[in-house]
Structures are given as C-alpha cells and as structure tokens.
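*Asks:* no letters, just coordinates:
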C-alpha cells in the first residue's frame, strides 16, 4: 500500500501574515516545494489534504483531513509556477510537519490504518517519543507520550511546519525581528531558526532550516 501523499495544509490565517514571514502569496495560497499552503480557509486550526486517501476519511486522529478536494488540487498543481518559488525567506521544501498527540499509540494506529508506515522512532526523554512517517517527500514527525497513564479522548494536533530554506542567513536578514536566532539544529549539520508566528498572526509554528547535507 502506498502512503497518502501530502498535498496541502489549510490554515485560517490572512495572506498578509504569511507575506510578513517572507512567503510569496498568490491568490490566497503559496507553494513550498510540492505542498500548497491555503490561507483564509474555514478551519478552526491547521488541517491538511492528501492524495490517495479514501473519500470518507474526514479526519486523522482528530485532525481535519480533506481527500476529494485534494484530488482536484493535485491536478491543479501540475505545471503550476505562480506561488511555487521566489520566497523572500528562501523556502524550497516542506521538510516535515509536526503532529502532537496525547496518546502516541492511538495516533500511530490511526495513521497505520490509512497506509502510513513508521520508518523510525526516537526516545526524546521524559517519557516522550518521536515517531517518523513519510507522506510523499514530506515527513510526519509525531510527538507524544510513550505510554500515557490512561487512554486520552483529546484529539491530535497539526502543530508546526519545518521548512527547508536555500539561504537561512538571507532569511534572517529579510525577516529581521520576525525570525529568532539562527542556531544548530538537532539534526547534525543543519541550522534552524523559528519564525515568530504568534506576533504575526500565523497559526502553526514555523521553523526555517538548512537543507539536508
């Protein structure tokens, strides 16, 4: 079974907010590599859209999920240029999305049932773990308690986006006070800086990173 491919991330934010973060917005959307970020969407929080997902799937462990609309979006993306490039912050690829869960086992089971495959696990201490699953060229980084005290009814959350940039120092210069300090990332050989999204009115947390070596 082929894992569903991430095509879009939907957020309720204004185009002005993302423009201030150094992204080029065209017709209320922008492209980061193969993924479209659609702005001003009628969602309460960040949601996503996939290809190769059954039409009846409306959520993945509580995260609102689009399937039929994603299929038409896939066709629209073929040959699209517009917002696919030219970001002032140098963004070139959506490296990974961060999914937070109060119940890691439950979330893993929900993802595996839809065709996602766990590729790697990492203990990050204090009873928490990272689980990595591929969705096309983008990675889902699932974070949660290794063994919760009891099963949780709280939904998972699409919390953040890690974006590869071709020039992180240029991004720091372009964004100024809207970007935090550039520092070494956990991933060896990479550097990272966090966009100050709260002050810009952007819903997901966004980190800019240098590409894989």
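*Replies:* Yep, it's here. Remember, predicted model here, so these are calculated numbers, not experimental data.

*Asks:* low-scoring stretches of this structure, by residue?
*Replies:* 1, 67-85, 148, 213 (pLDDT under 70).

*Asks:* at 80 instead, please
*Replies:* In the predicted model of the chain, residues 1-2, 67-85, 147-152, 213 satisfy pLDDT under 80.

*Asks:* list the contacts of the residue positioned nearest the centre of the chain.
*Replies:* For the chain, the residue nearest the mean C-alpha position is residue 97 (3.0 Å; CA atoms, centre = their mean). By CB atoms under 8 Å, 6 or more residues apart in numbering, the contact set of residue 97 is 6, 9, 48, 138-141, 158, 160-162. From N, CA and C alone the C-beta is placed, and that goes for glycine too.

*Asks:* repeat that for residue 157.
*Replies:* Residue 157 neighbours (CB under 8 Å, 6+ apart): 45-46, 62-63, 99-101.

*Asks:* which of these tops the neighbour count?
*Replies:* Neighbour tally across the contacts of residue 157 (other CB atoms under 10 Å): the maximum, 26 neighbours, falls on residue 101.

*Asks:* re the thing from before, can you redo the contacts of residue 157 as a markdown table with secondary structure and distance to residue 37?
*Replies:* Shown next, in a markdown table, are those (DSSP: H, G, I helix; E, B strand; the rest coil; distance: CB to CB, whole Å):
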| residue | secondary structure | distance to residue 37 |
| --- | --- | --- |
| 45 | coil | 14 |
| 46 | coil | 10 |
| 62 | coil | 21 |
| 63 | strand | 15 |
| 99 | strand | 16 |
| 100 | strand | 19 |
| 101 | coil | 22 |
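
*Asks:* most neighbours among the contacts of residue 97, which one?
*Replies:* residue 161 (26 neighbours).

*Asks:* all strands for this protein, in order.
*Replies:* Under the criterion DSSP state E, strands of the chain are mapped to 5-10, 29-32, 35-38, 47-51, 59-60, 63-66, 91-100, 118-125, 128-135, 138-145, 157-165, 183-184, 191-194, 205-209.

*Asks:* what's the third one in contact with?
*Replies:* Residues outside strand 35-38 that contact it (CB under 8 Å, 6+ apart) are 6-11, 18, 23, 28-31, 73, 77, 83, 94, 138.

*Asks:* just the fifth one next, same as before
*Replies:* Counting by CB under 8 Å, 6+ apart, the neighbours of strand 59-60 from elsewhere in the structure are 48, 65, 110-111, 114, 155-156.

*Asks:* now, among these, which is nearest to residue 88?
*Replies:* Proximity of the contacts of strand 59-60 to residue 88, judged by CB to CB, is greatest for residue 48, which lies at 24.7 Å.
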